[in-house]
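In: need coordinates for the following:
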Amino acid sequence: MKRLIYTYALIKSLYDQGEDYIDSFWPFAIKTFPAQKFVDSQFIKRNLKEKFDLEIPINVLKTILNRAKRRKYILQKERRYKLKDEGLKYLDKLETDKEVERRINSLLEDIKQFFSKNNVSLSQDRINSLIISFLSINIEPFIEFLNPSSVINELSIPKLKGHENLLIKYIKDVEHQKPQIYETLKDMILGSIISAILYVQKPSDMVEIGTKRFRHCQIFLDTNFVFYILDLHTPEFNEPAKELFNLLKEYDFELKVFNFTIDEICKVINGYISESNRYSISIGVDTLYSSLKRKGWKKSNAKEFIINVEEILDKEGIEIEWVKDKNIKTYHPKNEDLRNIIEKYKPFQGLFHQNHDLMAIEKVEEIQGKPVRKIEDSKVFFLTSDVRLSRFNFIEMGHKENGIISEVILDRLLTNILWLKDPSTELPLKSIISAYSRDLFIKRRIWDRFYEILQQLKREEKVEDENILMLFYHGYAESLLREFDEGEQDKITSEFVLEEIEKAAKLKEKIQEKEIREKEKEFLQQLKSAVSKKEQEKEKEWLQRIQKIKGDLRKSAEKKAKKDSILYTFILTLLILVVIYLIYLIFKKVGLIELLHLYIAILFSGGGIIGLWVKFRAYLEKKLASYLYNKKLIEIKLD
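Out: Numbers count the residues shown, from 1 in each chain. Alright, predicted model coming up:
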């Protein structure tokens, strides 16, 4: 483990000098050979693990050794190998590892100094372990994708422990302040991704993963990913999502959302209207509402977004897929047992949002049509940042067991795959930092519990505004509550809150009370009163009214589109037949009987125009419905 970060950086360096991914590994293999002695593959495998901490399966190792043999660096007799003089000369010239080692030592020392400045003393071994943990979280989904039996952790949900928060802060700082150190970090990340290829089930896949391209493929975006690309969440989530989104455009993926995902998006945004008072401008909570509050969103911003959501998505190049036969509120999955199973992964998820996730998986499964075993052969994916949803789909719906591609794909997994398809694209550290970022914020259920107790104490006049303000000083409440897991809300009691307020009050002499009071004036005012159920119902009714208006407009547009598409397709077909008749009149190469037979063949043979007519009419109806719907939305004024 101690050598692994060095190995990762060296893998990237060797890849840059080679032709493909196999060229990243055979230099490691020949470094393990003793002088003038034949050894078997098991010997090489053990030494690779001992010297470089590389676990290479025997079948993959044989492919790697064959590459070294073709380059005339090793000699093979039966099942044993020996290093040739050419191989010794190659090793003498190979000074890359010395440079890599120097860069790694410089990185570790820089991290050590950074930690020391932040009053944390860690050994290089501990720093090394932190980095390995950081890299492992990124590549674990990819390793499991390549070889489903290679990872046994059922949930595999990343969580920060100990000093990882400080490591994340270091990585963010170093990108702009120390570009050379940043490049070393990036080499380690890219090397770790390349190393994951060693887990392929068939050696031929090592080359194929870099050469085989995606065919025409639809990507349906999950609600969380839509919020990120629209810049509604925090930069930790927004930036990597937008980078992946732009990459998907470059690869010509067809970017879509289901109409029922829009329903979920609007429900979430509408909830902000009555929930925004619960959040502070100063304290970051792991919820969209906290981010919107810190961005300065008001009630009017939320309503404007809901009214214009279709137009907003259209400007981003995202097409809406209208699913007529499914209603998110009344939905029942084909397999009701999935409800109990998904609850194990997402125990705090409400029925509405559970319906959405199961509907999305079911619809993607229908579009896919049949199971696929190669990711490049997939017609469609549901793209999410939700690790738990991805794990549920992969493990519980038979994909891991049967070795078939999941309906749901995790964003960072797809990012890694696309980079391997084209390593010339930039893969910044942000995509990996985002895997850690949730633990940089307070869990929503923890904050809700804390807020409710704070509100209760305020009503009972057990705490003053001045003392509450102390919680905002130097991120006191944020540091305190961030340590709690989502299921530990019962630990947040009145006694606990009063005790922490008392501790924070000791900071009073240092605090800029006037500045914080002005900043959190709204929070303190709203703490005295809760949004009434009547007000909440009013906002729900508003959303239902808007959705009904939009639903009626959509039905009207679809009805007209159906009629118009039949008419336009009929006219087009008639024109084609007329053109054929005119050609007959001009050239008269065939008789009328032959012309009639030609018409029949054109209309019916192998599907003919009739088959094309059906497909074209369906396509035209879909496009017309969207056009007419958007036009009607512009024509009416929603409020």
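In: mind listing the helices for the stretch 1-150 of the chain?
Out: Assigned by DSSP state H, counting those that start in this stretch, the stretch 1-150 of the chain shows helices spanning 4-17, 26-31, 41-52, 58-70, 85-93, 96-117, 124-146.
In: JSON lines please, covering those and showing mean neighbour count, mean pLDDT and distance to residue 462.
Out: Just so you know, the C-beta spots here come from the backbone N, C-alpha and C atoms, and that holds for glycine as well. Below are the helices of the stretch 1-150 of the chain laid out as JSON lines (neighbours: other Cβ atoms under 10 Å; pLDDT from 0 to 100; distance: least, Cβ to Cβ, whole Å):
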{"stretch": "helix 4-17", "mean neighbour count": "22", "mean pLDDT": "88", "distance to residue 462": "51"}
{"stretch": "helix 26-31", "mean neighbour count": "22", "mean pLDDT": "90", "distance to residue 462": "65"}
{"stretch": "helix 41-52", "mean neighbour count": "17", "mean pLDDT": "92", "distance to residue 462": "61"}
{"stretch": "helix 58-70", "mean neighbour count": "18", "mean pLDDT": "90", "distance to residue 462": "65"}
{"stretch": "helix 85-93", "mean neighbour count": "13", "mean pLDDT": "83", "distance to residue 462": "73"}
{"stretch": "helix 96-117", "mean neighbour count": "16", "mean pLDDT": "87", "distance to residue 462": "40"}
{"stretch": "helix 124-146", "mean neighbour count": "20", "mean pLDDT": "85", "distance to residue 462": "42"}
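In: out of those, nearest to residue 445?
Out: Between residue 445 and the helices of the stretch 1-150 of the chain, the tightest spacing by Cβ to Cβ is seen for helix 124-146, at 22.8 Å.
In: with just CA atoms, put the closest one into CSV.
Out: Written as CSV, here are the backbone C-alpha positions of helix 124-146 (Å, rounded to 0.1, in the frame of the first residue of the first chain):
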residue,chain,number,x,y,z
GLN,A,124,4.1,10.4,5.6
ASP,A,125,2.6,6.9,6.0
ARG,A,126,-0.7,8.4,7.3
ILE,A,127,-0.8,10.9,4.5
ASN,A,128,-0.1,8.2,2.0
SER,A,129,-3.1,6.2,3.4
LEU,A,130,-5.3,9.3,3.1
ILE,A,131,-4.4,9.7,-0.6
ILE,A,132,-5.0,6.0,-1.3
SER,A,133,-8.4,6.2,0.4
PHE,A,134,-9.2,9.2,-1.7
LEU,A,135,-8.3,7.5,-5.0
SER,A,136,-10.0,4.2,-4.1
ILE,A,137,-13.4,5.9,-3.7
ASN,A,138,-13.2,7.2,-7.2
ILE,A,139,-12.1,3.9,-9.0
GLU,A,140,-14.1,1.4,-6.9
PRO,A,141,-17.3,1.8,-9.0
PHE,A,142,-15.1,1.4,-12.2
ILE,A,143,-13.4,-1.7,-10.9
GLU,A,144,-16.7,-3.3,-10.0
PHE,A,145,-18.0,-2.4,-13.4
LEU,A,146,-15.1,-4.2,-15.1
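In: tilt between that helix and helix 4-17?
Out: 60 degrees (axes from the mean of the first three to the mean of the last three Cα atoms, to 10 degrees).
In: show me what helix 124-146 is packed against.
Out: With contacts defined as 3 or more Cβ pairs under 8 Å, 6 or more residues apart in numbering; DSSP states H and E, helix 124-146 has these neighbours: helix 4-17, helix 96-117, helix 164-177, helix 179-195, helix 411-421, helix 430-436.
In: TSV for those, including distance to residue 300?
Out: Shown next, in TSV, are the helices and strands packed on helix 124-146 (distance: least, Cβ to Cβ, whole Å):
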stretch	distance to residue 300
helix 4-17	49
helix 96-117	43
helix 164-177	33
helix 179-195	41
helix 411-421	31
helix 430-436	30
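In: what bridges to the closest residue to residue 253 other than its chain neighbours?
Out: With sequence-adjacent residues excluded and distances taken as Cβ to Cβ, 6 or more residues apart in numbering, residue 253 is closest to residue 219, at 4.7 Å. Residue 219 has the following beta-bridge partners by DSSP bridges: residue 255, residue 381.
In: ok, residue 219 to residue 246 distance?
Out: Distance of residue 219 to residue 246, given as Cβ to Cβ, to the nearest Å: 13 Å.
In: over to residue 376?
Out: Separation of residue 376 from residue 246 (Cβ to Cβ) stands at 21 Å.
In: and the two? which has more neighbours close in?
Out: More crowded of residue 376 and residue 246, by other Cβ atoms under 10 Å: residue 376, with 16 against 12.
In: the helix or strand harbouring residue 409: how far from the chain's middle?
Out: Per DSSP states H and E, residue 409 falls inside strand 408-410. Put simply, strand 408-410 sits 7 Å off its chain's centre (Cα atoms, centre = their mean, to the nearest Å).
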